[in-house]
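Undergrad: Predicted model follows, preceded by the sequence.
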Amino acid sequence: MTETATAGTRLRGSIGVVGIVFLVIAAAAPLTAVGGVLPLMIGLGNGAGAPTAYLIAAAVLLVFSVGYAAMSGHLDEAGAFYAYVRSGLGIGAGLGAAGLALLTYTAIQAGIYGLAASTVEELVVHYGGPDLPWYVYAFALMAVVAVLGYRNIELGAKVLGVLLVVEIGIIVALSAAVLIRGGAHGIDTVSFTPAAFLDGSPGVALMFAIASFIGFEATAIYGEETRDPRRTIPRATYIAVLTIGVLYAVASWAIVLAFGSDGVAAAAGDDPEGLTFTAARMFLGESAADLMTILLVTSLFAALLAFHNAISRYGYALARDGIGHPALGHIHLRHGSPHKASLAQTLSAALVVGTFALAGADPVLQLFTWMSGLATVAILLLMLLTSVAIIVFFRRTGLDRRRWHTVIAPALGTVGLLVVTALVIDNFTTLVGGSAIVATTMLAIVVATFALGVAIARKRRATSSVS
């Protein structure tokens, strides 16, 4: 018996709501957001108003999720955004969306490999280990992710679940400690006032907030591997977005209070890398701060595994639809996983990371920063396409006549996403480190990727009509 099932069969699994929520929140990497992204939001964005940016981002995504969840009841394919856009707007836009999805997750995963490897390198040296190049750790992490990604999704979900519980535990502990002890100057709600949100550069803060939610699409990606997709996917989507939004808002509020609403912006500007860990040291002690640094690595690893699973399932879905190499559409007979697409994803990650390593690039300032910016723009455009596709799909099919779910919420989500996208593009140069050339190149890559997908679809239609 061979280890591979033929293309056209479906992925297997019995993962439930909790498992999918773990996968989604793991991709969001809460400790990475609170420890790495939040200080940038505060320092470069709107200071004490950062918590409100998270609430606004969560609100936009919740409204978007209404139509997204409604459509999941009619499509439970591994392609998620690709399948949704294809069903609503046609194969041309669908393949363009698939290109954006692959670009998003490949870019963000490559960037996280850089950040994770740099963090591991610093920890090893700090504890007396050898000073090895960052890419050694990147490829070591890649090997572990490859093994877990090859196997059944439930194994990966269990690993992510354990890591995530500990990760969220330390964030909750820090938040509770700050709130119980009254922060630096007592408890206040300045962070949730309009004046605080509009202070400084709220567009930059909102941009970082949206980037912190990348990966929540995973609720639909694993539709084929759930016990009851019609109920599991909507529930998991709402729970994941609400959990991430509330966790980020409360944790960021606690960090603001730890330094004081009037002093946190200056503190973030002076020490963006250590702001959260300094707060942990002040309110939980030195040991907790050290533990948080170690947990940052597990947070990044959890995100790497979650994005690996997402990319491999996109590759599988495309191959099953006749796009790409047919072998990627095969599944493992024993594990029920898209094992060949998983191997292909590992190779693509190695290619991107290896290219930056050979170029002598900085793993954080270049690999992580550039790839994160690229992923943020791509995912916003992808969600915009999906919102429009949802409206068109239900208007054409009439499968669901609830106006809130199929028209009003998707339309509001589209408007919200348009505003956020405009803010991101307006501040994109800041997001990728201040280089106009890099910013222009990244935006051109996003446009070219979508155009390539549309061109492939047209070529396929032309070939089919001739034959």
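TA: Perfect, thanks for sending it.

Undergrad: Give me the buried positions along whichever strand or helix holds A258.
TA: A258 is part of helix 229-259 when elements are defined by DSSP states H and E. By 16 or more other C-beta atoms under 10 Å, the buried positions in helix 229-259 come out as 229, 232-241, 243-245, 247-259. For the C-beta atoms, the positions are set from N, CA and C on the backbone; glycine is no exception.

Undergrad: so how far is that helix off the chain centroid?
TA: Helix 229-259 has its C-alpha centroid displaced from the chain centroid by 13 Å (C-alpha atoms, centre = their mean, to the nearest Å).

Undergrad: So which other helices or strands are in contact with that helix?
TA: helix 17-28, helix 30-32, helix 38-40, helix 50-72, helix 153-181, helix 218-221, helix 264-270, helix 275-283 (3 or more C-beta pairs under 8 Å, 6 or more residues apart in numbering; DSSP states H and E).

Undergrad: Quick one: name whatever helix or strand follows the fourth one.
TA: Looking back up the chat, that one is helix 50-72. helix 81-89.

Undergrad: Can you spell out which helices and strands pack onto the helix or strand following that next one?
TA: As assigned by DSSP H and E, the chain's next helix or strand after helix 81-89 is helix 91-126. Secondary-structure packing of helix 91-126 (3+ C-beta pairs under 8 Å, 6+ apart): helix 81-89, helix 134-150, helix 286-320, helix 339-358, helix 369-397, helix 436-466.

Undergrad: hmm, back to that, could you check the angle the helix holding A258 makes with helix 17-28?
TA: Here helix 229-259 runs at an angle of 50 degrees relative to helix 17-28 (axes from the mean of the first three to the mean of the last three C-alpha atoms, to 10 degrees).

Undergrad: and helix 229-259 with helix 275-283, angle?
TA: 60 degrees.

Undergrad: can you list the weak-confidence ranges in this protein?
TA: Within the chain, the stretches with pLDDT under 70 are 1-14, 76-79, 152-157, 160, 217-218, 220-225, 227, 332-337, 464-467.

Undergrad: so who does the residue nearest in space to the middle of it touch?
TA: Central residue of the chain (C-alpha atoms, centre = their mean): I214, 2.4 Å from the mean position. By C-beta atoms under 8 Å, 6 or more residues apart in numbering, the residues touching I214 are A27, A28, T104, I108, A375, T376, I379.

Undergrad: what's the distance between stretch 31-49 and the middle of its chain?
TA: The answer for stretch 31-49 is 17 Å, by C-alpha atoms, centre = their mean.

Undergrad: I meant stretch 309-320, not that one.
TA: Counting by C-alpha atoms, centre = their mean, stretch 309-320 comes out at 16 Å from the chain centroid.

Undergrad: now stretch 430-445
TA: That offset, for stretch 430-445, works out to 20 Å (C-alpha atoms, centre = their mean).

Undergrad: So for it, what gets flagged as buried?
TA: For stretch 430-445, a neighbour-count test (16+ other C-beta under 10 Å) marks T430, L431, V432, V438, A439, M442, L443 as buried.

Undergrad: Looking at those, which is nearest Q345?
TA: M442 (21.5 Å; C-beta to C-beta).

Undergrad: In contact with the closest residue to that closest one other than its chain neighbours, which residues are there?
TA: Excluding the flanking residues, the one nearest M442 by C-beta to C-beta, 6 or more residues apart in numbering is L374, at 4.7 Å. By C-beta under 8 Å, 6+ apart, L374 lies in contact with L103, A107, V432, M442, I445, V446.

Undergrad: Tell me which two in those are the farthest apart.
TA: Farthest pair in the contacts of L374, by C-beta to C-beta: L103 and V432, 14.8 Å.

Undergrad: Name the surrounding residues that touch stretch 428-441.
TA: Contacts of stretch 428-441 (C-beta under 8 Å, 6+ apart): 44, 204, 207-208, 365-366, 369-370, 372-374, 376-377, 424, 442-443.

Undergrad: Out of those residues, who's the most crowded?
TA: With neighbours taken as other C-beta atoms under 10 Å, the top of the contacts of stretch 428-441 is M207, carrying 30 neighbours.

Undergrad: That one belongs to a helix?
TA: Yes. Applying DSSP: H, G, I helix; E, B strand; the rest coil, one finds M207 inside a helix.

Undergrad: which secondary structure element contains the closest residue to it other than its chain neighbours?
TA: Counting by C-beta to C-beta, 6+ apart, V424 is the residue found nearest to M207 once chain neighbours are left out, at 4.7 Å. V424 belongs to helix 409-426 when elements are defined using DSSP H and E.

Undergrad: in that helix, what counts as buried?
TA: Buried-residue list, helix 409-426, by 16+ other C-beta under 10 Å: 409-414, 416-417, 420-421, 423-425.

Undergrad: Please name the residues that touch the nearest residue in space to D262 that is not next to it in sequence.
TA: Spatially, and ignoring its direct neighbours in sequence, D262 is nearest to A48 (7.5 Å; C-beta to C-beta, 6+ apart). With contact taken as C-beta under 8 Å, 6+ apart, A48 is in contact with I42, V190, S191, A196, D199, V256, S261, D262, V264, A265.

Undergrad: What is the burial count for the second one?
TA: This points to V190. Count around V190 with other C-beta under 10 Å applied: 18.
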